[in-house]
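[1] output the structure for:
(one chain, ligands or ions: 1)
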Amino acid sequence: MCPGCLSTSDCVSSHLVAKSIYKRYLRAGELGPVKMANGKIWPTDHQLQAKLLCFRCEGILSRKGEDWLAERLCTWERSFPLFETLTKFAPEVSEDGFSLWSGAKNPEIDCDAIAHFAIGVFWKASVYAWTAGHIELGKYAEPIRQWLFDGGQFPTKVTVRVVVSLPENAQIILAPPYRVTRANAHWYCFYIPGMAFEMGVGNLIGDEEKLVCLMHNSLRPIIRTDELTGRIQELGVRTFRESEQTQSYERFKAKRNRLLGRSG
Ligand SMILES: [Zn+2]
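    Got it, this is the predicted structure:
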C-alpha cells in the first residue's frame, strides 16, 4: 500500500531526501560526508532509497517542492541561487548573528515549495524503517500526510523553520532527519547543501515558535542564525579533517579532489 494516498497502487523507488538533489550532487561528485549521532561518519553518497510511494505520490512531492528547490541549493563553487534571490531584499530583522527575511515579500521565492519539500522529507522519514533518518511522528503523521497529498489544512501543532547559511559558510552535506531534544516539543532536523530544516510537533508549540515558522507566520520567514550554522559545521566535513577519517571519507575526498583538479 502507498502510505501517501493509502491506495493499493504499486510503489516506485523513493529517496528519503529527494532524487533530484542526489542526482544533481552525485553527478558532480560534490556531497560531503556528515557525522551521525552514533559517532560514525556517514558518506552522503549512500543514497537512502526504498520502494515507498506510488508513482502519483512521488510526482506530487517532486512537483510541489523538490524540483523547485533542488536547483537553488549551494554548490562547492559557492553559487547559492536561493540565497542570492533572498538577499535581493533587505532582511526584516538583522541583529547579532540572526537575520530574518520575508519569503512572502519576495516574488521569486516559492515558500510553498520549500515547505512542501521540508515537510515531505520529515514525513517520509516517519513512514519507513530507514537505516538512517527514521523518526517517529505518532499522531502528527496523519494530518501531515493529508496536507502533503490531499490538500488538507496545515496542522496547527506543527511548526517548520527554514535556515540558510551564508554561501561561504555553507556545508555541502546531506544529513537525514534526526531528533533533537528540547523542552517544549519534539523537534527534528535535517540538512541539505546550504540549508537546514527544523520541524517541531506537539501541544506546546506556542506563539514564539510560530514567529519564525514558514507556515504559521504570514511573512513566511526564512532565517539565518550563527548558532545553527555552528551546529551544521560541527556535523560537516570540515571538523573531520584532523580527526578519525573513514575509508568512505577518504574515497569521497579523492573523488572530489579529482573533480576539482586538486591534489591532497
Ligand atoms: Zn500514493
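
[2] was I right to think L73 contacts I21?
    Yes: contact criterion CB atoms under 8 Å: L73 and I21 qualify, at 6.9 Å. In short, each C-beta sits where N, CA and C put it, glycine included.

[3] what is in contact with these two at once?
    192-193 (CB atoms under 8 Å, 6 or more residues apart in numbering).

[4] could you find the closest non-adjacent residue to G133?
    What sits nearest to G133 in space, not counting adjacent residues and going by CB to CB, 6 or more residues apart in numbering, is P176, at 2.8 Å.

[5] near the ion, which residues of the stretch 51-200 of the chain?
    With the criterion set to CB under 5 Å from the ion, the stretch 51-200 of the chain comes near the ion through 54, 57.

[6] the same query, at a cut-off of 6 Å, please.
    Within the stretch 51-200 of the chain, the residues that sit near the ion (CB under 6 Å from the ion) are 53-54, 56-57.

[7] now, those residues that are in strands?
    Among those, the residues falling in strands (DSSP state E) are 53-54.

[8] is it true that L31 touches Y25?
    Yes: the criterion here is CB under 8 Å, and L31 meets it with Y25 at 4.5 Å.

[9] hey, what's in contact with both of those two?
    By CB under 8 Å, 6+ apart, the residues touching both L31 and Y25 are 172, 174, 193.

[10] so the residue nearest to G133, which state does it fall into?
    strand (DSSP: H, G, I helix; E, B strand; the rest coil).

[11] give me the pLDDT for it.
    For P176, the model assigns a pLDDT of 88.

[12] report how many residues lie close to it.
    Residues contacting P176 under the criterion other CB atoms under 10 Å number 24.

[13] could you do the one 10 residues further on as well?
    The criterion is other CB under 10 Å. On that basis, H186 has 19 neighbouring residues.

[14] for whichever helix or strand L228 is part of, which positions count as buried?
    Element membership for L228, per DSSP states H and E: helix 226-235. By neighbour count on 16 or more other CB atoms under 10 Å, the buried set for helix 226-235 is 228-229, 231-233, 235.

[15] so which of those residues reach the ion?
    Within the buried residues of helix 226-235, nothing lies near the ion by CB under 6 Å from the ion.

[16] so what touches the helix or strand in which V160 is found?
    Taking DSSP H and E as the definition, one finds V160 inside strand 158-164. Defining contact as CB under 8 Å, 6+ apart, one finds that strand 158-164 is touched by 80, 82-83, 86, 103, 114-115, 118-119, 140, 143-144, 194-201, 205, 209-210, 212-216, 221-225, 228-229.

[17] so that strand versus helix 226-235, what angle?
    80 degrees (axes from the mean of the first three to the mean of the last three CA atoms, to 10 degrees).

[18] what average pLDDT does strand 158-164 get?
    Mean predicted confidence for strand 158-164 is 95.

[19] in the stretch 151-264 of the chain, what residue is nearest the ion?
    The nearest approach of the stretch 151-264 of the chain to the ion comes at G151, 14.2 Å away (CB to the ion).

[20] isn't A113 up against L69?
    Yes: counting by CB under 8 Å, A113 touches L69, with 6.0 Å between them.

[21] the two: which has the busier surroundings?
    Counted by other CB under 10 Å, A113 and L69 do not tie: L69 has more neighbours, with 20 against 17.
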